[in-house]
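Enquirer: Quick check, what structure comes out for this input:
(2 chains)
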Amino acid sequence: MKPIGRVNRVLGPVVHASGVTGARMMELVEVGADRLIGEIVRLDGDEIVIQVYEDTTGLAPGAPVYGSGHPLSVELGPGLIGSVYDGVQRPLDRLKAGGYLIRRGVRVPSLDREKAWIFEPCVKPGDLLRGGAVLGTVQETERISHRVLVPPSLGGAVKHAAEPGLYRVEETIAVLETESGEIALTMMQRWPVRHPRPIAGRVVADRPLLTGQRVIDTLFPVAKGGTVVVPGGFGTGKTSVEHQLAKWSDADIVVYIGCGERGNEMTHVLREFPRLSDPWTGRPLMERTVLIANTSNMPVAAREASIYTGITLAEYYRDQGYHVAVMADSTSRWAEALRELSGRMEEMPAEEGFPAYLPTRLAEFYERGGQVKTLSGKEGSITIVGAVSPPGGDFSEPVTQHTKRFVRCFWALDRDLANARHYPAISWMDSYSEYVPDVTPWWTEKGDAEWAGLRREIMELLQKEARLQQVVKLVGADVLPDSQRLILEVCDLFKNTFLQQSAFDAVDAYSTVEKQVKMLKLIVTFYRLGRNALDQGATLIKIKRMRILKEIRRMKFNVSNEEVFKLDDLQSRLEREMGRLGEIYGGFQSS
Amino acid sequence: MADSNHPDLSRREYVGIDRLEGPLLFISGIHDVGYHELVEIHTPEGPERLGLVLETSKGAAVVQVYEGTTNLSLKDTSVRFQGEPLRLPVAREMLGRIFDGLGRPMDGAPAPVAREILDVNGLPVNPAARTYPTRFIQTGISAIDGMNTLVRGQKLPVFSGSGLPHNQVAAQIVRQARLKDENESFSIVFCAMGVKHDVARSFMTHFQETGVLENVVMFFSLADAPSVERLVTPRTALTMAEYLAFHENRHVLVVLTDMTNYCEALREVSTLRGEIPSRKSYPGYLYSDLASIYERAGMVEHASGSITQMPILTMPNDDISHPVPDLTGYITEGQIVLEREMHQRGIYPPIAGLPSLSRLMKDGIGPGMTREDHPRIASQLFAAYARVKDVRALASVIGEEELTPLDLTYLKFGDAFEQQFLSQAEDENRSIEQTLDLGWKVISILPREELQRVSDEDLMQYYGK
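Expert: Here you go, the predicted model:
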């Protein structure tokens, strides 16, 4: 790299330089003797403004700025899975060798250059390849077969293809005869993070992302390739929801972006994921996870970049034909980083000091999700679950409001539920999912034909209950007739046994589709038969005293996913007992 | 790296400055100085002052003066740039001593001989090199140990209001905090920002009386010290804590009081610099700035010590959604909330049952750490107490007479929970077993069928005993 100009002003992470020629917008530069990395965010004559990804303490006017000629990019290739990177893809696990602190100006390549991978080619000389075609595979982890792709912009005939064997990421594995001459391909490629990787086209997202979380899968499902926002004040469990999804969802790959959050949370993931295995393949979770950790005390500009770094890695695996889930915790911190940098660049603020381009940036980010047909004709998807941390828990603030416009699923976390330690604290009144009609065919065919009907019925009951609660708050539950109090009872049962789900209980942490439907059916049946019994003259007291109720309350803990047949037994016993109750009173009435 | 281009110019002294405004000093016609460089300011009379470069451009700089600009003149003031950021000389002999916000002795004794000199701004800890905190700290306070358990390496703030006994609670925690089964006590770093002299004195007397004084380092930037000094005080204190924890392998408890004063000083400087304000005129970078303080806690793989942080802040107007408690809550691992209503009813400690939370609790309790039933009984107490709040709200509308017998039982439980479980004397040190047994005693007021969050085995072993 050569010097392209000199620093003339330092304002925290924003650095001005002058005397610059030949710079490009968004070009990656290095600043000063420590070679701090940054990006050019404004060009004005021979003056540039750089946003620097590292702490600028000690940087003085007159320091040189070096140009790189290319935008901020990430390295893509085998070795990403299981890694933990900072916001500009520096490998934190390998930086550790130099001590527990992150020092400035350290450079370690993102992909390990020394590690050799077993490459299995699937092309031969003479094959015509287009951008995005598969050159061969590498078994990256036990469960992920990494498909090495031709970079999207290239195409041509294969001149030479490597033999199967051990290769490092920078070694040539194929030579391509392109229009602009021969190009040697390696297992590694670079991609600028702010540009979406190209695709062949979008397809409808109609399969649910199964999460094993009952309130999500049953009430507010998200499709593979869908976008979700999870807003919640502090302590309402945003991070727990993100963690549960990272652990239990049936995505092939999970990219977890810890953006401006706590250091200990990332440590927790790093300690826990290698020990846990997911229910789909039984392999350790770390074998499908990439972590991006730019904690709150790490430089703010790199926090802004971390979201893009994460989504670019996700796109790379999507292009290989995988279903990827991106957890972004928290997009508010990213928006705040944007605000901080915008403020230092003295831009005109819009709402609450956020720059006017905040909605545009949010839309760009969420549009990178979706179910697609890749360049090589495979199907892949990116599901984005973005947490939002609204100040004071107030959902009317700009980040929540703008994000809502660009996503189709909204899981609102409720402070009162969290205070009562009802987790996940996803509010059944404020949340919604536009994916319900999209995924209903899947549920009907592959899940359970009754799902849609049961779901509608319980949602209706919850609405009724909310209205009844208003009355109860004023006059108490005692004045209501038994038929209405039954609704209160059933909803209470539904909330405690179904919606509430313990992340720490080995049995309860994850529920299969089967278990969810059977549990739901038990509760709805309880209501239907209870209504009948009441109509026939039974009293609510009698219904509440049924011994089977206690078993229903404990079913989530006592019936594991492997023995859901026990719920069928419970179902038939419930029907018998309720039937008997009805008969007794029905008998009285007719005699 | 600073001044690598002008080695001969560093430490040059300039006489005369351009402009003074609040704590800010504007100077031009100088060599190119580094961002965040330390500055010495001399006047013909009076002691030397220290400052920090907030902004640097070709031949000019904006300097924030920690001691304030009172009495400075444009003509007679001379400025010398140090070519490096503010650094704190540290040594374990600093235990038992009192320093000002910049680390200069305030107790009349000479400055200790430095073993190391550290940059007060610190560097971010690599999250991959952290150790996850799981060791239970027994504070002897039931509301904390039972319901919002503190673990070693956690950052758990106290959200208080003016007039509430946060200082007493903090002092009690400092005095009683122990690891279970270990008698090793904590080294304490006490950092006071903008608090009154008598508050500082009461803490000092307290440390003296309990005989822990030789284990405490104190950093004072009291209410009458210039407000900008508060901006560096927590960083100085945490640099000391990091030295003790990660170089000397001690377990350190850091008390920072009062973070609201810190944030106000930050707002003051930000406004003077004409920065674009965010909520309630606090700067947009308040979150990042607070994180650079709160994240300096925890444990690392490279050392056996730890930093447990307990920041105290007063919520303006008891408003938990005010930016200071709000952003703090987003960074720290939970919060202990003090409630005025409980305080008025004479409950000590007035730790609010529901809004208080410890995020690291789940990994520090249970078999082998506290007791097998702990997670479930805590969850049950939370759930039952939430119901009590609902019943009380209902009772205030329809009157207690109209309540169902079950609701009345809940009211009885609520009173017992507050009077027996949450309340305790200022010098009462309960073991975790006592706390849990007490929890079972009050929950047993409720009928067995109501307890859905505990297991059948728990009920058999503890219910009604």
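Enquirer: from here on, contacts and neighbour counts on C-alpha atoms
Expert: Noted.
Enquirer: any idea how far the residue nearest the centre of chain A lies from chain B?
Expert: Centrality entry for chain A: nearest residue to the mean C-alpha point is A:Met327, 2.5 Å, by CA atoms, centre = their mean. Per CA to the nearest CA, to the nearest Å, A:Met327 is found 18 Å from chain B.
Enquirer: do the same with A:Asp535
Expert: 24 Å.
Enquirer: returning to that earlier point: isn't the residue nearest to the centre of chain A right next to A:Val255, touching?
Expert: Yes: counting by CA atoms under 8 Å, A:Val255 is a contact partner of A:Met327 at 6.3 Å.
Enquirer: can you give me phi and psi for A:Asp430?
Expert: phi -90, psi -20 (degrees, to the nearest 10).
Enquirer: Give the closest residue to it in space, chain neighbours not counted.
Expert: A:Ala412 (6.1 Å; CA to CA, 6 or more residues apart in numbering or on different chains).
Enquirer: Hmm, the one you found is touching A:Ser427, no?
Expert: Yes: the criterion here is CA under 8 Å, and A:Ala412 meets it with A:Ser427 at 5.6 Å.
Enquirer: Would you mind giving me the confidence score for A:Gly587?
Expert: As predicted, A:Gly587 sits at a pLDDT of 56.
Enquirer: Not counting residues beside it along the chain, what's closest to B:Ser160?
Expert: Using CA to CA, 6+ apart, the nearest residue to B:Ser160 is B:Thr314, at 4.6 Å.
Enquirer: Could you pull up the residues touching B:Ala91?
Expert: Contacts for B:Ala91 (CA atoms under 8 Å, 6 or more residues apart in numbering or on different chains) come out as B:Pro112, B:Val113, B:Ala114, B:Arg115, B:Glu116.
Enquirer: could those be laid out in JSON lines, adding secondary structure, distance to chain A and pLDDT?
Expert: JSON lines is the format used below for the contacts of B:Ala91 (DSSP: H, G, I helix; E, B strand; the rest coil; distance: CA to the nearest CA, whole Å; pLDDT from 0 to 100):
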{"residue": "B:Pro112", "secondary structure": "coil", "distance to chain A": "26", "pLDDT": "91"}
{"residue": "B:Val113", "secondary structure": "coil", "distance to chain A": "25", "pLDDT": "93"}
{"residue": "B:Ala114", "secondary structure": "coil", "distance to chain A": "22", "pLDDT": "92"}
{"residue": "B:Arg115", "secondary structure": "coil", "distance to chain A": "20", "pLDDT": "93"}
{"residue": "B:Glu116", "secondary structure": "strand", "distance to chain A": "17", "pLDDT": "94"}
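Enquirer: of those residues, buried ones?
Expert: With burial judged by 16 or more other CA atoms under 10 Å in any protein chain shown, the buried subset of those is empty.
Enquirer: Let's test this: what are the backbone torsions at A:Met483?
Expert: For the record, residue A:483 is Ser, not Met. Dihedral angles for A:Ser483 - degrees, to the nearest 10 - are phi -60, psi -40.
Enquirer: Just to check, it is in contact with A:Asn532?
Expert: No: applying CA under 8 Å, one finds A:Ser483 not in contact with A:Asn532, separated by 9.8 Å.
Enquirer: Quick one: low-confidence residue ranges for the chain.
Expert: I'll assume chain A. Low-confidence segments of chain A, defined by pLDDT under 70: A:586-591.
Enquirer: The intended chain is chain B.
Expert: Judged by pLDDT under 70, the stretches of chain B that qualify are B:1-11, B:181-183.
Enquirer: Let me see the ranges of the helices in it.
Expert: Remark: helices assigned in chain B by DSSP state H are B:142, B:166-176, B:197-209, B:229-242, B:259-272, B:286-294, B:323-331, B:340-344, B:374-398, B:405-416, B:432-443, B:456-462.
Enquirer: So A:Ala418 lies in a helix, does it not?
Expert: Yes: applying DSSP: H, G, I helix; E, B strand; the rest coil, one finds A:Ala418 inside a helix.
Enquirer: follow-up on the earlier one: write down the beta-bridge partners of the residue nearest to the centre of chain A, one by one.
Expert: As for beta bridges, A:Met327 partners with A:Tyr256, A:Val385 under DSSP bridges.
Enquirer: can you tell me how far it sits from A:Arg339?
Expert: Per CA to CA, to the nearest Å, A:Met327 is found 22 Å from A:Arg339.
Enquirer: buried sites along stretch A:192-208?
Expert: In stretch A:192-208, counting by 16+ other CA under 10 Å, buried: A:Pro192, A:Val193, A:Arg194, A:Pro196, A:Arg197, A:Ile199, A:Ala205, A:Asp206, A:Arg207, A:Pro208.
Enquirer: Run through who's touching it.
Expert: In contact with stretch A:192-208 (CA under 8 Å, 6+ apart) are residues A:71-74, A:152, A:191, A:217, A:221-226, A:308-309, A:311-312, A:315-316, A:319, A:368, A:370-375, A:377, A:435, A:438-439, A:441-442.
Enquirer: Run the chain-centre distance for that stretch.
Expert: Put simply, stretch A:192-208 sits 15 Å off its chain's centre (CA atoms, centre = their mean, to the nearest Å).
Enquirer: just stretch A:379-393 next, same as before
Expert: Here the centre of stretch A:379-393 is set off from its chain's centre by 6 Å, with CA atoms, centre = their mean.
Enquirer: and what of stretch B:339-357?
Expert: On CA atoms, centre = their mean, the centre of stretch B:339-357 falls 19 Å from the chain's centre.
Enquirer: can you list the residues that contact it?
Expert: Here stretch B:339-357 has contacts from A:235, A:419-420, B:143, B:147-148, B:160-161, B:164-165, B:169, B:334-338, B:382, B:385-386, B:418-419, B:422-426, using CA under 8 Å, 6+ apart.
Enquirer: Just the buried positions in that stretch, please.
Expert: B:339-340, B:342-343, B:347-357.
Enquirer: For the stretch 351-465 of chain B, what lies in contact range of chain A?
Expert: Counting by CA under 8 Å from any CA of the partner chain, the stretch 351-465 of chain B comes close to chain A at B:354-355, B:357, B:359, B:379, B:382-383, B:385-386, B:393-394, B:397-398, B:402-404, B:452.
Enquirer: ok so, going back, wait, which of the buried residues of stretch B:339-357 is closest to A:Arg103?
Expert: Looking at the buried residues of stretch B:339-357 and their distance to A:Arg103, the nearest is B:Leu357, at 33.6 Å (CA to CA).
Enquirer: Residue 27: what's it in contact with?
Expert: No chain specified, so I'll use chain A. The contact partners of A:Glu27, taken as CA under 8 Å, 6+ apart, are A:Glu39, A:Ile40, A:Gly67, A:Ser68, A:Gly69, A:His70, A:Pro71, A:Leu72.
Enquirer: could you do chain B instead?
Expert: B:Ile17, B:Asp18, B:Arg19, B:Ala60, B:Ala61, B:Val62, B:Val63.
Enquirer: Surely the fourth one and B:Tyr35 touch.
Expert: No: at 11.3 Å, B:Ala60 does not count as touching B:Tyr35 under the criterion of CA under 8 Å.
Enquirer: Which one's more surrounded, the two?
Expert: Ranked by neighbour count (other CA atoms under 10 Å in any protein chain shown), B:Ala60 and B:Tyr35 place B:Tyr35 first, with 30 against 20.
Enquirer: check contacts around the more buried one.
Expert: A:Val10, A:Leu11, A:Gly12, A:Thr56, A:Thr57, A:Gly58, A:Leu59, A:Ala60, B:Val53, B:Leu54, B:Glu55, B:Thr56.
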